[in-house]
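**Q** what follows is a protein structure lacking sequence information:
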């Protein structure tokens, strides 16, 4: 629906709303539709009033609470937003309800509230993998480096062998744990974690591990990693450029020349760029 159609419908609906009280009565669905269109038309004040009216008449409708959360958030009415969450979870508290709320809180960096509800959720649903991965997201977003988070991530990594859903997301869990050790400047432990995760030796994921090798000046492992990547993906210009740079940094100019020849064969137009750079 385009903006003109929304505006026209909204204007018509307001006219209908104000002039047909006898037809309207206390029909919650009427108020709900009005709320939705007010929200679409960016009339947040009217949307709030209409959705609150709907909630009073229909207090057991899950979706109304979600609409109000978004409306309060848009208006930065944070206290009302938090209060609505409390009401919502007192009535609806399945795994999906907790997931919805925590994800919303993470979007606004409300880490303490998110942590509170995550603890509640995982106490009720200790085996729910989606909630566990949401905690991984919380740890990563907050930059939490507590012992509790480290133990949680270690345990979750062990579970990846038994659960396919977790296994497919092992790289994210491993990165989050490794990042804690990076922040604590324990680079060797971070490296061990990433080395045990195949994704960090892949075409896309190798860069993090490579930078850690360079940070601890383990150039042999850095070279070995790049060669492993290039064995699988010989036309990967990024890996070739990084290998060339590694050889230059370690004064291995003959090897650097061999790599640069490969780069120019794959990308002849890059010659001018390389000359400017070196």
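**A** It's in. Everything numeric here is computed off the predicted structure, so don't read it as measured data. Numbering: from 1, shown residues only.
**Q** burial count for the nearest residue to residue 267 once chain neighbours are set aside?
**A** Nearest-residue entry for residue 267: residue 237, 6.0 Å, with adjacent residues in sequence omitted and distances by Cβ to Cβ, 6 or more residues apart in numbering. Placement of C-beta: from N, CA and C, glycine included. Residues contacting residue 237 under the criterion other Cβ atoms under 10 Å number 13.
**Q** any idea how far residue 237 is from residue 265?
**A** According to Cβ to Cβ, to the nearest Å, residue 237 stands 11 Å off from residue 265.
**Q** identify each buried residue in the stretch of helix or strand residue 257 belongs to, please.
**A** Applying DSSP states H and E as the criterion places residue 257 in helix 253-266. In terms of neighbour count (16 or more other Cβ atoms under 10 Å), helix 253-266 has its buried residues at 255-256, 259-260, 262-263.
**Q** distance to residue 242 and pLDDT for these - can I get that in a markdown table?
**A** Formatted as a markdown table, the buried residues of helix 253-266 follow (distance: Cβ to Cβ, whole Å; pLDDT from 0 to 100):
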| residue | distance to residue 242 | pLDDT |
| --- | --- | --- |
| 255 | 13 | 95 |
| 256 | 12 | 94 |
| 259 | 10 | 94 |
| 260 | 13 | 91 |
| 262 | 13 | 92 |
| 263 | 11 | 91 |
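**Q** got JSON lines for those residues, with distance to residue 184 too?
**A** Shown next, in JSON lines, are the buried residues of helix 253-266 (distance: Cβ to Cβ, whole Å):
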{"residue": "255", "distance to residue 184": "35"}
{"residue": "256", "distance to residue 184": "35"}
{"residue": "259", "distance to residue 184": "35"}
{"residue": "260", "distance to residue 184": "38"}
{"residue": "262", "distance to residue 184": "39"}
{"residue": "263", "distance to residue 184": "37"}
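**Q** out of those, which one sits closest to residue 66?
**A** residue 263 (52.6 Å; Cβ to Cβ).
**Q** wait, what's in contact with residue 262?
**A** Shown in contact with residue 262 (Cβ atoms under 8 Å, 6 or more residues apart in numbering): residue 240.
**Q** sorry, slip of the keys, the one I care about is residue 118.
**A** The contact partners of residue 118, taken as Cβ under 8 Å, 6+ apart, are 98, 102, 131, 134-135, 138.
**Q** residue 39 contacts residue 67, correct?
**A** Yes - under the criterion of Cβ atoms under 8 Å, residue 39 makes contact with residue 67 at 7.3 Å.
**Q** what do these two both touch?
**A** Common contact partners of residue 39 and residue 67 (Cβ under 8 Å, 6+ apart): residue 47.
**Q** so for stretch 45-58, mean pLDDT?
**A** For stretch 45-58, mean pLDDT is 92.
**Q** brain fart, stretch 235-246
**A** The model assigns stretch 235-246 a mean pLDDT of 94.
**Q** heads up, I number from 35, so please use that
**A** Done: numbering now begins at 35, and the last item shifts to stretch 269-280.
**Q** chain center to that stretch, what's the gap?
**A** Taking the mean of its C-alpha atoms, stretch 269-280 sits 29 Å from the chain's own mean (Cα atoms, centre = their mean, to the nearest Å).
**Q** what does stretch 226-233 give?
**A** On the basis of Cα atoms, centre = their mean, stretch 226-233 sits 21 Å off its chain's mean C-alpha point.
**Q** ok, now stretch 252-267?
**A** 29 Å.
**Q** and the closest residue to residue 218 other than its chain neighbours, how many neighbours?
**A** Distance criterion Cβ to Cβ, 6+ apart; nearest residue to residue 218, sequence neighbours excluded, is residue 179 at 6.2 Å. Number of residues near residue 179 (other Cβ under 10 Å) recorded here: 14.
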